[in-house]
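Q: Got a sequence here, can you build the structure:
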Amino acid sequence: MYLEKRKTGKQTKYYLVHSYREKDKVKKIRKYLGVNLSDEELKKRRKYAEEFILKIIEEYNTDIFNFKLTKKQIERLNEYNKQIKIHHLSDKDWKIFTEEFVYNTNAIEGSGVELEEVKVLIEEKKGAKYSDEIETQNVARAVKFIRTTKEDLSLELIKRIHKICFDGTKEYAGKFRDVGVVVTNSRGEIVHSGAPVSKLNQFLGDLIKWYNKNKIKFKPLILAGIIHNQFEEIHPFQDGNGRVGRLLLNFILLRNKYPPINILLQNRGEYYETLQKYSKENDLKPTIKFLIKQYKKTLKSIAKKR
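A: Now for the predicted structure:
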């Protein structure tokens, strides 16, 4: 903060100013102190003005990568978290969840392994011959990893999850890409481009820094949604970003002692729409509402199969 003087004739007006950068623009918050003030009066008024501006800064915004949320907006988002009822899964529940999660998360990406085949492959833990079968067993191992690891979010953890998922099927398993990637729809149209290779390390570093700085501001569901969406926005791997992103979503939930969420193949279209809303309109609400619906479906499905 700094003092700004404006002279008009014999009058000198005093302002306390705070400058900050928003994207490529410099913006200012000004607090008028008074006119023709003595040093003592200026010192006194400056103290109250500093408190006023600091309060505005605190209320003003929190960076969410390419956009900002005010404190009230964060509070409103956090309210959605109340719609998630904590339900801890039994060992049997976890077996059901793992089977369904592995089937759906792989099927979303085009795997042809059916649910009944998934159950057999997970149970046998070996005997897989084809890539889809190996990745079925691998993703089940990744679910176990995010359940049991004591690590916090880091770039090494993200690479480890990718390595577990694609060990034996992709030569770049566990390695961030050094090529550009795009996401296309069924008509071959580009709907998203991953971060440029030249910016990849910077964006990934920003992701981890943001998480460490802001994780206590957001309730677990909201935090998990933000990390998942931003990870998909960056798209740091040559392939496998969807599966790793959905595992990271659940990693954040589990780390905060919240139950996991299974995103269903049948809801793939709506899932992609929420990612587009985030990418193009900086709108988190569709993602959060979608995750709440998927969570309720997850619990309902588990309850039916107990």
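Q: from here on, contacts and neighbour counts on C-alpha atoms
A: OK.
Q: For the most centrally placed residue in the chain, pull up the helix or strand it's in.
A: Nearest to the geometric centre of the chain sits Ile227, at 1.4 Å (CA atoms, centre = their mean). According to DSSP states H and E, Ile227 maps onto helix 220-234.
Q: Return the next helix or strand along the chain from that helix as CSV; C-alpha atoms alone will do.
A: Note on helix 220-234: by DSSP H and E, the next helix or strand toward the C-terminus is helix 241-255. Output of helix 241-255 as CSV, limited to C-alpha atoms (Å, rounded to 0.1, in the frame of the first residue of the first chain):
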residue,chain,number,x,y,z
ASN,A,241,-5.8,-38.3,-18.3
GLY,A,242,-9.4,-39.1,-17.8
ARG,A,243,-8.8,-42.2,-15.6
VAL,A,244,-6.0,-40.5,-13.6
GLY,A,245,-8.3,-37.4,-13.1
ARG,A,246,-11.1,-39.5,-11.8
LEU,A,247,-8.7,-41.3,-9.4
LEU,A,248,-7.4,-37.9,-8.2
LEU,A,249,-11.0,-36.8,-7.6
ASN,A,250,-11.4,-39.8,-5.3
PHE,A,251,-8.0,-39.4,-3.8
ILE,A,252,-8.9,-35.9,-2.5
LEU,A,253,-12.2,-37.2,-1.1
LEU,A,254,-10.7,-40.2,0.6
ARG,A,255,-7.8,-38.1,2.1
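Q: which parts of helix 241-255 are buried?
A: 241-255 (16 or more other CA atoms under 10 Å).
Q: which outside residues touch stretch 147-164?
A: Applying CA atoms under 8 Å, 6 or more residues apart in numbering, the set of residues contacting stretch 147-164 from outside is 138-139, 141-142, 145, 173-176, 204-205, 208, 211, 240, 244, 247-248, 251, 254-255.
Q: try it again with 6 Å
A: Residues outside stretch 147-164 that contact it (CA atoms under 6 Å, 6 or more residues apart in numbering): 138, 142, 173-174.
Q: Restricted to helices, list those residues.
A: The helices, defined by DSSP state H, take in 138, 142 from the contacts of stretch 147-164.
Q: I figured Arg30 hits Val17, correct?
A: Yes. Checked against CA atoms under 6 Å, the pair Arg30 and Val17 is within contact range at 4.6 Å.
Q: what about the helices in the stretch 151-300 of the chain?
A: 155-166, 197-214, 220-234, 241-255, 268-281, 285-305 (DSSP state H, counting those that start in this stretch).
Q: Against Lys71, how distant is the nearest residue to Glu4 once chain neighbours are set aside?
A: Leaving aside its sequence neighbours, Glu4 sits nearest to Tyr15 (CA to CA, 6 or more residues apart in numbering; 5.1 Å). Distance, Tyr15 to Lys71, by CA to CA, to the nearest Å: 26 Å.
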